[in-house]
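Enquirer: Sharing a sequence plus its predicted fold:
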Protein chains: 2
Amino acid sequence: MERTYIKNLQAGQACRIQGFVENIRNTRAMMFLVIRDTTCKVQVTIEKMAHPELKEVLEHLTLESVVTVEGMAQLNPAVKLGGIEVLPSGLCVESLAAPLPLLKDSSVDVRMDYRWLSLRGEREQLLFRVQTLLLESMRQFLLKQDFMEIHTPKLIAMASESGSEVFEVKYFDGKAYLAQSPQFYKQMAMAAGFERVFEVGPVFRAEKSFTNRHATEFTGFDLEFSYITSFTDVMRLEEALLRDALRNVKEAYGKDIERLYGIEVTVPSLPFPVIALHDLYDELERRYGYAVPETEKGDTTTEAEQLAYRYVKEVYGHEFLFVTDFSSEKRAFYHMRKNGVPQGYDLNWCGVEITTGAQREHRYKLLLEQAEEKGLSEDVKFYTEFFRYGCPPHGGFGLGLDRLTMLLLNTTIKEAMFLFRGPNRITP
Amino acid sequence: MERTYIKNLQAGQACRIQGFVENIRNTRAMMFLVIRDTTCKVQVTIEKMAHPELKEVLEHLTLESVVTVEGMAQLNPAVKLGGIEVLPSGLCVESLAAPLPLLKDSSVDVRMDYRWLSLRGEREQLLFRVQTLLLESMRQFLLKQDFMEIHTPKLIAMASESGSEVFEVKYFDGKAYLAQSPQFYKQMAMAAGFERVFEVGPVFRAEKSFTNRHATEFTGFDLEFSYITSFTDVMRLEEALLRDALRNVKEAYGKDIERLYGIEVTVPSLPFPVIALHDLYDELERRYGYAVPETEKGDTTTEAEQLAYRYVKEVYGHEFLFVTDFSSEKRAFYHMRKNGVPQGYDLNWCGVEITTGAQREHRYKLLLEQAEEKGLSEDVKFYTEFFRYGCPPHGGFGLGLDRLTMLLLNTTIKEAMFLFRGPNRITP
């Protein structure tokens, strides 16, 4: 008999259900099991006297074991789970669980140690369904616009950007490094005339950060496209892409997110608010008395990002804010500049930076000058070569999928990743 | 003015085209450029006397520079490229190319050194369009069947399977390794009750292989699903997934593939032929006089794979062949066994192995025994733990996206990857 998903059970029909044993209640005459599959839960009601053949099995059955139950689904208004129960004709234990090491109030670390158990919760499963759809929506948005998907190497010969914070790999008799981002290679695709590319893949950061939003490995979502006329083209694409993804998530899982996370997903309106960094500091000082020395106004502080969220909520009723006009000292050498101002932006969501985007400098000589100015010309020589033989004007951005999920569901980065990696954690 | 893709040019209309200068022909009175964008090529015809303002620019223009041309598209039956030419009113050089280092007959190594230039060819661009669609089709196939997409860590604490052939990473004050496959973690997702997952991501193999089908880093396509009743469920899923993907590729790019690769894509019929390994050796001996000692018949040799292709073509008119019933000595410890026979298969395409799939051993005690038998119980302890607290029966397989592309277009692994990585190559 074919397996029946629990949500599809029909009273009066024979069924074969499979799942984890979530609860066991044992009385003298009866045994009640709650079985959970990926779709739903149901009660299995066993009259012990009627099933002497199950005596042995039931005596040893443990919580979270996996079982196959064949039987009849029938209406029972007294049953909480949808008013349906299953009366078994057979029950087979596929996998017997040892006593569980994990309790509801276990510490974050213990829950991480037994991640495969903590992931069994409905909240957790929803998170990965949401993440799947979020990513799928973003990809579809791009594929419909003729983007190609690329897979760039994570093993690289040189530290990707600054030489700091990269992991070193023993590569046969030599060394390699793990890519901090596909930045250089997605730009290489532009030099190759690919025009529009995206990539989804791991990025690695050898940072000793212990915040609730950093990880040493996470999933990057990166894109780059050619023949833009300004970095505002990049902003337009990103806001439309995010709106689309959030709308899809709200449609598919809005109610579940509200029930399990207490959050109402907001589909943002377009265009997203934009403010120049200097104007932002002026607003924050005027409105909230937040003052920083002039020398620090080239970049956002974490506090400024948080206050900027208050600002954008108050003034625009919006969760997103583009910030432009950073100082060239604070931006990567490959950002295009106009009158010295980097042609790029940060995008903040709920007070947390989620993206840096920009038009890139595609003109070989100017790029060399900017690399030199940052003292990087030797380190990035392999990269500047990409621009020697013709390259279209282009721009792009990168997002962290895990951080996006984290902000959407107002949780931590550890919960938003299948398996978190930090300076002190590379297991399980 | 908006950019016009060259394939969309309409005679009699103003246009703004952007692309690489593929050809320059200079006569006394005229200059003819061929401009190439991602969609097509077109001739730009410049009457020099009529454009004194372009004199300087045209004199210095080089092959493969990137230009923006504004002007009028008009019919000209004498022009080869679609009978349309563009008469410019303006021409701007976005990026001037230095003399090209790459020639048509450059060696494979030089072409790899300048990969961003060799990728500019129509053949190469088609390959990555095909790869994009191939992957997208496989993903869609799974998403429609409720698979979740996961992203498992590539930084791991222990060598993934056998301890050999993994890259070592300096991880702060300790060590980590690069995952050889997401095998253990996709199975962890089964223990977590995810039921159906897939992952697309890099896998790393520290193998000193110098064949035309091995790389030290490539893109893995992995899936795993629960509540299967046999490994044949895995075979059924895989053949349907591949047929679907190949059908989509043929529909979208069949003609281009024929034109540029001289290959007619075959959409395989279902079910794929299946043969047990021992029967295969019998057939190969009987038909082609290919004999191997009894002791080597537990696994396929490269030669046997190639002959098996001849066999399957002759007998079934098919390109694919499932081979089952390998020796347990030759298979991973985590394959489920039935009467000692591993419950899995290899899938060969055109004589090359593309997949190993199997039902996994999900029963803790049996898994421990099988790990012990291979002397691995300590190395894989973190993994066997996943099975202690209940785990559904499950199975899955892994594919290499690059190898799939390579076989589809009958090319080499180096050409089928955006950037190849091998023991002697980690650049660019």
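Expert: Arrived safely, thanks for sending.

Enquirer: which SS state does A:Glu124 fall under?
Expert: helix (DSSP: H, G, I helix; E, B strand; the rest coil).

Enquirer: what's the closest non-adjacent residue to it?
Expert: Setting aside the residues directly before and after it, A:Glu124 is nearest to A:Ser118 in space (C-beta to C-beta, 6 or more residues apart in numbering or on different chains), at 6.5 Å. Bear in mind the C-beta positions are built from the backbone N, C-alpha and C, glycine included.

Enquirer: Break down the stretch 51-200 of chain A into its helices, ranges please.
Expert: Per DSSP state H, counting those that start in this stretch, the stretch 51-200 of chain A carries helices over the ranges A:55-60, A:108-113, A:115-118, A:122-143, A:183-191.

Enquirer: And stretch A:329-337, end to end?
Expert: From its first residue to its last, stretch A:329-337 covers 11 Å (C-alpha to C-alpha, to the nearest Å).

Enquirer: Could you check how far it is from the centre of its chain?
Expert: 27 Å (C-alpha atoms, centre = their mean, to the nearest Å).

Enquirer: Which parts of it count as buried, going by neighbours?
Expert: Using 16 or more other C-beta atoms under 10 Å in any protein chain shown as the test for burial, stretch A:329-337 gives A:331-337.

Enquirer: try stretch A:282-292
Expert: Result for stretch A:282-292 [16+ other C-beta under 10 Å]: buried residues A:283-284, A:290.

Enquirer: for stretch A:24-36, same thing?
Expert: Buried residues in stretch A:24-36 (16+ other C-beta under 10 Å): A:31, A:33-36.

Enquirer: Stretch A:376-385 now?
Expert: Residues of stretch A:376-385 classed as buried by neighbour count (16+ other C-beta under 10 Å): A:376-377, A:379-380, A:383-385.

Enquirer: Which single residue of the stretch 151-300 of chain A ends up nearest chain B?
Expert: Nearest to chain B, among the residues of the stretch 151-300 of chain A, is A:Ala192, at 3.8 Å (C-beta to the nearest C-beta).

Enquirer: how much space is there between that residue and A:Leu143?
Expert: According to C-beta to C-beta, to the nearest Å, A:Ala192 and A:Leu143 sit 19 Å apart.

Enquirer: Which one's more surrounded, these two?
Expert: Higher neighbour count among A:Ala192 and A:Leu143: A:Ala192, with 24 against 16, using other C-beta atoms under 10 Å in any protein chain shown.

Enquirer: ok, that one touching B:Gly121?
Expert: No - judged on C-beta atoms under 8 Å, A:Ala192 makes no contact with B:Gly121 at a distance of 9.6 Å.

Enquirer: that older thread, near chain B, list only the ones from the buried residues of stretch A:376-385.
Expert: Restricting the buried residues of stretch A:376-385 to those touching chain B (C-beta under 8 Å from any C-beta of the partner chain) yields A:Glu385.

Enquirer: List just the nearest of the buried residues of stretch A:376-385 to A:Ile17.
Expert: A:Ile17 lies nearest to A:Tyr383 out of the buried residues of stretch A:376-385, by C-beta to C-beta, at 55.7 Å.

Enquirer: List the contacts of the closest one.
Expert: A:184, A:187-188, A:334 (C-beta atoms under 8 Å, 6 or more residues apart in numbering or on different chains).

Enquirer: rewinding a little: among the buried residues of stretch A:376-385, find me the one that's closest to A:Glu303.
Expert: A:Leu376 (29.6 Å).

Enquirer: Tell me the predicted confidence for the closest one.
Expert: At A:Leu376, the model reports a pLDDT of 89.

Enquirer: In space, what's closest to it - neighbours in sequence excluded?
Expert: Spatial nearest neighbour of A:Leu376, chain neighbours left out: A:Phe333 (6.0 Å); criterion: C-beta to C-beta, 6+ apart.

Enquirer: Over to A:Tyr281?
Expert: A:Tyr281 sits nearest to A:Lys297 (C-beta to C-beta, 6+ apart), 5.2 Å away.

Enquirer: Isn't that neighbour up against A:His278?
Expert: Yes - counting by C-beta under 8 Å, A:His278 is a contact partner of A:Lys297 at 6.4 Å.

Enquirer: ok, these two, which is more surrounded?
Expert: More crowded of A:Lys297 and A:His278, by other C-beta under 10 Å: A:Lys297, with 18 against 15.

Enquirer: quick one: contacts for the more buried one?
Expert: Residues counted as contacts of A:Lys297 (C-beta under 8 Å, 6+ apart) are A:277-278, A:281, A:327.

Enquirer: Determine which two of the contacts of A:Tyr383 are furthest apart.
Expert: A:Met188 and A:Tyr334, at 12.1 Å, using C-beta to C-beta across the contacts of A:Tyr383.

Enquirer: Go through chain A and flag its longest helix.
Expert: helix A:231-261 (DSSP state H).

Enquirer: What are the phi and psi values at A:Pro423?
Expert: phi -50, psi -30 (degrees, to the nearest 10).

Enquirer: For it, which non-adjacent residue is spatially closest?
Expert: Nearest to A:Pro423 is A:Lys208, by C-beta to C-beta, 6+ apart, at 5.0 Å.

Enquirer: now that neighbour: how far from A:Gly220?
Expert: 20 Å.

Enquirer: Between those two, which is the more surrounded one?
Expert: A:Gly220 (22 against 12).

Enquirer: Hmm, the more buried one is touching A:Val200, no?
Expert: Yes - at 7.2 Å, A:Gly220 counts as touching A:Val200 under the criterion of C-beta under 8 Å.

Enquirer: so how far is B:Phe128 from A:Ala189?
Expert: Distance, A:Ala189 to B:Phe128, using C-beta to C-beta: 9 Å.

Enquirer: Which residues are in contact with each of these two?
Expert: A:148, A:150, B:119, B:418.

Enquirer: Going by neighbour count, which of these comes out on top?
Expert: With neighbours taken as other C-beta under 10 Å, the top of the shared contacts of A:Ala189 and B:Phe128 is B:Phe418, carrying 28 neighbours.

Enquirer: contacting residues for the residue in chain A sticking out farthest from the centre?
Expert: Farthest-out residue of chain A from its mean C-alpha position, per C-alpha atoms, centre = their mean: A:Met49, at 50.5 Å. When the contact criterion is C-beta under 8 Å, 6+ apart, the partners of A:Met49 are A:Ala29.

Enquirer: pretty sure it belongs to a helix, no?
Expert: Yes - secondary structure of A:Met49 (three-state DSSP): part of a helix.

Enquirer: ok, it to A:Cys391 distance?
Expert: From A:Met49 to A:Cys391 the distance is 80 Å (C-beta to C-beta).

Enquirer: Kindly report the same for A:Val44.
Expert: For A:Val44, the distance to A:Cys391 equals 64 Å [C-beta to C-beta].

Enquirer: about what we covered before: CSV please, covering the buried residues of stretch A:282-292 and showing pLDDT.
Expert: Formatted as CSV, the buried residues of stretch A:282-292 follow (pLDDT from 0 to 100):
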residue, pLDDT
A:Glu283, 97
A:Leu284, 97
A:Tyr290, 96
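
Enquirer: okay, those residues in TSV with secondary structure and distance to A:Met406 next?
Expert: TSV is the format used below for these (DSSP: H, G, I helix; E, B strand; the rest coil; distance: C-beta to C-beta, whole Å):
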residue	secondary structure	distance to A:Met406
A:Glu283	helix	27
A:Leu284	helix	24
A:Tyr290	coil	25
